[in-house]
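Participant: What follows is a protein structure lacking sequence information:
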């Protein structure tokens, strides 16, 4: 049986990879990468020499067709993203859906690994048995409406944010849920990893006073409405 592996890779610290992931990456015929240069760094660290091919949000449907043709030929493939678990806020979900539909004989196997979502939630201190994950928020359309919905959520809410929009996001949180406790996790597992806790105004002030820290990848965790 042909196997298609969805493999979680480190979100920063390259030591955060499972023994199983290293073994599978060493055994497959081809590794599909969000960015082959990023994945090559990981492969080199673990002395893995396997062919790679790019697959990302800009990939055309013809590439999906080619990937499926390889699977039908009996090739075992692995899918990785630049960081974390593929298909979570990642174009890999489209590829998986096509494989399920067009090559049902292929066994799709998850190789669990790091996730910025779970990592941030685990250190937030907020309820985690029931939470809402929103991925990356829309840039413009519907953004303010979404903040109103977050303000009324009785679940812990988690989403990703870029350094270009984090200050605007904090301003919106201050406007819509001024007294709600939040946590901002920045550069998780990396050398400059840090977290900031407080109400939105307090966290916003921290980043206003430390403009050099408005960089990297952010995970925003918001406590539930009581």
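Facilitator: Looks like it arrived, so ask away. None of the values given here were measured: they were computed from a predicted structure.

Participant: Please make it C-alpha for all contacts and neighbour counts, starting now.
Facilitator: OK.

Participant: Straight-line length of stretch 148-155, end to end?
Facilitator: End-to-end span of stretch 148-155 (CA to CA, to the nearest Å): 14 Å.

Participant: what's the neighbour count on residue 61?
Facilitator: 12 (other CA atoms under 10 Å).

Participant: switch to numbering from 26
Facilitator: From this message on, residue numbering opens at 26, which makes the last subject residue 86.

Participant: And it, its phi and psi?
Facilitator: phi -60, psi -30 (degrees, to the nearest 10).

Participant: just residue 116 next, same as before
Facilitator: Dihedral angles (degrees, to the nearest 10) for residue 116: phi -70, psi -10.

Participant: Quick check: chain neighbours aside, which residue is closest to it?
Facilitator: residue 82 (5.2 Å; CA to CA, 6 or more residues apart in numbering).

Participant: next one: residue 144
Facilitator: residue 213 (7.8 Å).

Participant: got the contact list for the one you found?
Facilitator: 36-37, 141, 144-145, 219 (CA atoms under 8 Å, 6 or more residues apart in numbering).

Participant: was I right about residue 50 contacting residue 76?
Facilitator: No. Assessed by CA atoms under 8 Å, residue 50 is found out of contact with residue 76, at 10.3 Å.

Participant: quick one: common contacting residues for those two?
Facilitator: Joint contacts of residue 50 and residue 76 (CA under 8 Å, 6+ apart) are residue 56.

Participant: Please say which of the two ends up with more neighbours.
Facilitator: Each of residue 50 and residue 76 has its neighbours counted (other CA under 10 Å); residue 50 has more, 22 against 12.
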